[in-house]
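Enquirer: Predicted model and sequence below, questions to follow.
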Amino acid sequence: MDLEKIKKEKSIKELLDFSIINVDKPSGPTSFQTDYKIKKWLNLRKTSHFGTLDPKVTGVLPIALSRACKLSGYFMHKDKTYIGVMHLHKDIKPKIIQKIIDEEFTGIIKQTPPRRSKVKRQEREREVKKFEILEKKDKDILFLAEVQAGTYIRKLISDIGEKIGGAHMTELRRTKAGIFSEEDKNFADLYKIKEALEEYEKGNEEKLREILIPGEIIGEILPVVEIKEEAVEKLLTGKPIFDDDLKIKEDIPEKFAVFSGNIFIEVARKTNEPGILARPEFVMQPIS
C-alpha cells in the first residue's frame, strides 16, 4: 500500500469521497463546529471527527470525509498525547511534583468524568502512559502527557492538585491522536484549508490534494491482507472471503483491512464458519 501513489492516482472527487483531514483545531469553536465548517466549505453530505476536544483546547482533530466516516470506529479509541500548562496554587519543586505523579498518577488510574461531561459519571480505569514535567516558570508547569483515549486531562490535573496543595489546567494542546500528529506534513489549520479551497475553486487543486489523506490509511491501523485481483469484484458485493481468495495463503488476524494492490476493498473479521475465512464489516463499494 502506497498512500502517495494512491493520492496521485485518484481524482480530487474520489479523494473528497474517501479521505481524512488532519485539522489543527483553534481555540474557541467546538469540535462539532470545526467539523461542520469543513463539511460546509467542501460541500459534503457528511463529515465525522475522531475524538472531541473542548472549545479552548487546540491541536490535532482528524476529520473524516464522506465514506471515510464509516471507518471512524477503527481510528477512535487510540492513545492521545498532549502538551499543557498546569498552574500551581502554591509553589512546590518540580521534583516533588514529578515524584507524586510517578507514584500515584502513572499507569492504571481511576478517574471519574467531570460534571459537565456528556458521559455517565462513574469511576473508570484509564492508563496514563507518560506524564513528564518539561519546564517550570513561577507557578506554571509545562507538561507532556501521553494517555489512553477517554482520559480527562483537566480532571487529571485537578486530581494531582489535590495531592500538592491545589492546581488547575490553564492551557492544553493535543499533539497526537493515534497515528495522526501535528508533525505530519498534511497537518492543516483552518486558514490553510480555506486557502486550499479558494485555490481549488480557481481551478488549482494541488493545495487541497496535499491536505487530503486517502482513507486507505486504514492499512496503517489494521493488519493488511492481500487478495487476488480476480476476487475483487465478488468481494465488493459483500461476499465472504474464502481461502482461494487470498493472494498468499496465511493465517489471518481477527480483524483486518483487505487490499488488492493499492485498492482498498473492505474491513473484514475472521469467522469460525466451516470453509469461510472471514466476513465483511464494511465494504468499499465503487462510486455509482
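Expert: Thanks, I have it. Numbers count the residues shown, from 1 in each chain.

Enquirer: Have a look at the chain and report its longest strand.
Expert: Among the segments of the chain that qualify as a strand by DSSP state E, the longest is strand 124-137.

Enquirer: I153 against I83, yeah?
Expert: No: if you go by C-beta atoms under 8 Å, I153 and I83 don't touch, sitting 10.3 Å apart. C-beta: built from backbone N, CA, C; applies to glycine.

Enquirer: hey, what's in contact with both of the two?
Expert: L172 (C-beta atoms under 8 Å, 6 or more residues apart in numbering).

Enquirer: More neighbours: which of these two?
Expert: I153 (21 against 18; other C-beta atoms under 10 Å).

Enquirer: Distance of that one relative to D102?
Expert: According to C-beta to C-beta, to the nearest Å, I153 stands 17 Å off from D102.

Enquirer: Now do the longest strand of the chain: everything it contacts.
Expert: Here strand 124-137 makes contact (C-beta under 8 Å, 6+ apart) with 79, 83, 94, 97-98, 101-102, 105-113, 141-148, 150-151, 156.

Enquirer: got it, and stretch 162-169?
Expert: Here stretch 162-169 has contacts from 84-90, 92, 96-97, 100, 104, 141, 153-154, 157-158, 160-161, using C-beta under 8 Å, 6+ apart.

Enquirer: hmm, 7 Å instead?
Expert: Here stretch 162-169 makes contact (C-beta atoms under 7 Å, 6 or more residues apart in numbering) with 84-90, 92, 97, 100, 104, 153-154, 157-158, 160-161.

Enquirer: Mind checking which of those residues land in helices?
Expert: Among those, the members falling in helices (DSSP state H) are I97, I100, E104, I153, R154, I157, S158, I160, G161.
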